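Enquirer: Please work out how this folds:
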Amino acid sequence: MTTKYDVVVVGAGIVGLAHAYHAHRRGLTVAVVDHADRVAGASVQNFGHACITAQSGDALEYSRAGRSHWLELARLAGFWAAESGTHGVARHEDEFAVLEQFAELRGPDHTVLLDRREVLDRLPIADTDVVGGLYMPTDVQVDPRTAAPAIARWLADCGVDFHWRTAATSFAPGIVHTSRGDLHAGTTFVTVNHDIDRLFPEYAERGGLVRCRLHMMRATLPVRAPLPSPLFTGWSLLRYSGFENLPAVADVAARLQADHPDYVELDLHQMYTPQLDGSILLGDTHVREITTSPFQNEEGFEVLLTEAKSLFGVDRVDVTERWQGTYCSAPGSEFLLEEPLDRVHIVTVTTGIGMTTSMGLALSSVDNALTPVQRPDSRSRLTAHN
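Expert: Sure thing, here's the model as predicted:
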């Protein structure tokens, strides 16, 4: 068994796979280590939505940089991806004010304001209370069940070694100790999402890292036409960093708090993403805990069903699957990036934008860790620079 690699990636979620992809593109030898027997966890439990436009700061930069790689990987690895964009619907004047401010901020290349009639022409939703909307054309979506597994298979076919059912136990510069023996690595990326608290607990505790669990569903609805893209609602305006500093957001937050305190308690994010088979993914709610409870109350599902019926103007929602998604969360941050040991890099997304940012984040991470820099003694070596 090969035990020596230029790069070892611990964690076969989408962030880890993106690191393996970018390292492989450099012509490096790469291994991926994961305790599971396949891609699982947050990378297959999500909406499959690369929500590029609604980000800000580093997340926006990573999202934009990663877009072309998502599309290229879809071609190479053979999974479905759509340049569908994202629609947002405003059902109150304060929500439309946020969309107007956002469109002015991002400009016509990234946003298209829609009036009431345009929204109803584009989207199979009820006409009740619709004020207007927004279209964000550069967003992308994939099938979350197939995209990451397809990337893993393609990387394996290209010569990346996958060590499944293998747990990383500890690290030293140049060495990853695993449950099946040591792997020697020029550079190591630890991309295990919320499980970073099991490998480097001091960094997780310092950053306030917890697990965020979600109510999620897959369903079919008797809508008059297919949903053409992922769909945001007013609750989304409280969720994404691209909206949070806009003046009108405070009015939306105050009204939703007054009208739906029970929904606020659930930390509701009411959004929808269409799937190839015509079904729609519905979600989600958010509960943050260090250790996730295995028990999920029915209230969250009832809220999602009630709001879906109201938005789409249907009398039934036929649920085919329910699940509890889990991802990493930390207060006041979107990424945990650390180098606890020489050439060992922690890379964790600390909010629910792993699919959105993974490709660009990994590109930046690999470039920063592996780009040769000139030392004072004039000899060049691979080093991490932060």
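Enquirer: The longest helix along the chain: what's the following helix or strand?
Expert: In the chain, assigned by DSSP state H, the helix with the most residues is helix 57-77. With elements assigned by DSSP states H and E, the helix or strand that comes after helix 57-77 is strand 81-82.
Enquirer: ok, that following strand: who's next to it in the sheet?
Expert: Strand 81-82 pairs in its sheet with strand 140-142 (antiparallel), by DSSP bridges.
Enquirer: Report the angle between the next helix or strand after the strand it pairs with and helix 57-77.
Expert: Beyond strand 140-142 in the direction of the C-terminus, DSSP H and E gives the next helix or strand as helix 147-157. Relative orientation of helix 147-157 and helix 57-77, computed by axes from the mean of the first three to the mean of the last three CA atoms, to 10 degrees: 60 degrees.
Enquirer: average pLDDT for whichever helix or strand comes after helix 147-157?
Expert: For helix 147-157, the following helix or strand on the C-terminal side (DSSP H and E) is strand 161-163. Averaging the model's pLDDT scores along strand 161-163 yields 97.
Enquirer: Pass me the low-pLDDT residue ranges in the stretch 251-386 of the chain, would you?
Expert: Counting by pLDDT under 70, the stretch 251-386 of the chain shows low-confidence ranges at 372-386.
Enquirer: now the strands: where do they sit in the stretch 101-250 of the chain?
Expert: Ranges of strands in the stretch 101-250 of the chain, per DSSP state E, counting those that start in this stretch, are 112-115, 132-136, 140-142, 161-163, 168-172, 175-178, 181-190, 210-220, 231-232.
Enquirer: And these: which comes nearest residue 268?
Expert: Nearest to residue 268, of all the strands of the stretch 101-250 of the chain, is strand 210-220, at 9.2 Å by CB to CB. Every residue, glycine included, has its C-beta placed from N, CA and C.
Enquirer: And for that closest one, what's in contact with it?
Expert: With contacts defined as CB atoms under 8 Å, 6 or more residues apart in numbering, strand 210-220 is touched by 45, 194, 275, 278-293, 296, 300-301, 304-305, 308, 317-330, 352.
Enquirer: Which positions in that strand come out as buried?
Expert: By neighbour count on 16 or more other CB atoms under 10 Å, the buried set for strand 210-220 is 210, 211, 212, 213, 214, 215, 216, 217, 218, 219.
Enquirer: gap between the last one and residue 313?
Expert: Distance of residue 219 to residue 313, computed by CB to CB, to the nearest Å: 15 Å.
Enquirer: again with the first one
Expert: If you measure residue 210 against residue 313 using CB to CB, the figure is 37 Å.
Enquirer: same check, this time on residue 27
Expert: Distance from residue 27 to residue 313, by CB to CB: 54 Å.
Enquirer: okay, those two: which has more neighbours?
Expert: Set side by side, residue 27 and residue 313 show more neighbours around residue 313, with 15 against 8, by other CB atoms under 10 Å.
Enquirer: could the strands of the stretch 101-250 of the chain go into a markdown table alongside distance to residue 100?
Expert: Shown next, in a markdown table, are the strands of the stretch 101-250 of the chain (distance: least, CB to CB, whole Å):
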| stretch | distance to residue 100 |
| --- | --- |
| strand 112-115 | 7 |
| strand 132-136 | 8 |
| strand 140-142 | 25 |
| strand 161-163 | 48 |
| strand 168-172 | 49 |
| strand 175-178 | 51 |
| strand 181-190 | 41 |
| strand 210-220 | 30 |
| strand 231-232 | 15 |
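Enquirer: For residue 356, which of those is the nearest?
Expert: Residue 356 lies closest, by CB to CB, to one member of the strands of the stretch 101-250 of the chain: strand 140-142, at 9.0 Å.
Enquirer: list the buried ones in that closest one?
Expert: Neighbour-count burial for strand 140-142, counted by 16+ other CB under 10 Å, picks out 140, 141, 142.
Enquirer: just stretch 110-128 next, same as before
Expert: Across stretch 110-128, burial judged by 16+ other CB under 10 Å covers 110, 111, 113, 114, 116, 119, 120, 122, 123, 124, 125, 126.
Enquirer: Among these, which ones are in helices?
Expert: Per DSSP H, the subset of the buried residues of stretch 110-128 in helices is 116, 119, 120, 122.
Enquirer: give the contact list for the first one.
Expert: Right, residue 116. By CB under 8 Å, 6+ apart, the contact list for residue 116 reads 130, 131, 132.
Enquirer: Please convert the buried members of those into ChimeraX selection syntax.
Expert: Selection of buried members from the contacts of residue 116 for ChimeraX, criterion 16+ other CB under 10 Å:
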select :130,131,132
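Enquirer: any chance you could map the strands in the stretch 251-386 of the chain?
Expert: Remark: strands assigned in the stretch 251-386 of the chain by DSSP E, counting those that start in this stretch are 271-274, 280-283, 287-289, 318-329, 335-341, 344-349, 372-374, 380-382.
Enquirer: Tell me the strands beside the second one, with direction?
Expert: For strand 280-283, the paired strands and their directions (DSSP bridges) are strand 210-220 (antiparallel), strand 271-274 (antiparallel).
Enquirer: Columns distance to residue 251 on top of these, output as a markdown table?
Expert: Shown next, in a markdown table, are those (distance: least, CB to CB, whole Å):
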| stretch | distance to residue 251 |
| --- | --- |
| strand 210-220 | 26 |
| strand 271-274 | 20 |
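Enquirer: Relative to residue 88, which of those strands is closest?
Expert: Taking these one by one with CB to CB, strand 271-274 is closest: 9.3 Å.
Enquirer: residues in contact with residue 229?
Expert: By CB under 8 Å, 6+ apart, residue 229 lies in contact with 84, 85, 86, 87, 135, 139, 141, 274.
Enquirer: out of those, who's nearest residue 167?
Expert: residue 141 (32.5 Å).
Enquirer: For beta bridges, what are the partners of that closest one?
Expert: Counting by DSSP bridges, the residues bridging with residue 141 are residue 49, residue 82.
Enquirer: Find me the pLDDT at it, would you?
Expert: Listed pLDDT for residue 141 reads 96.
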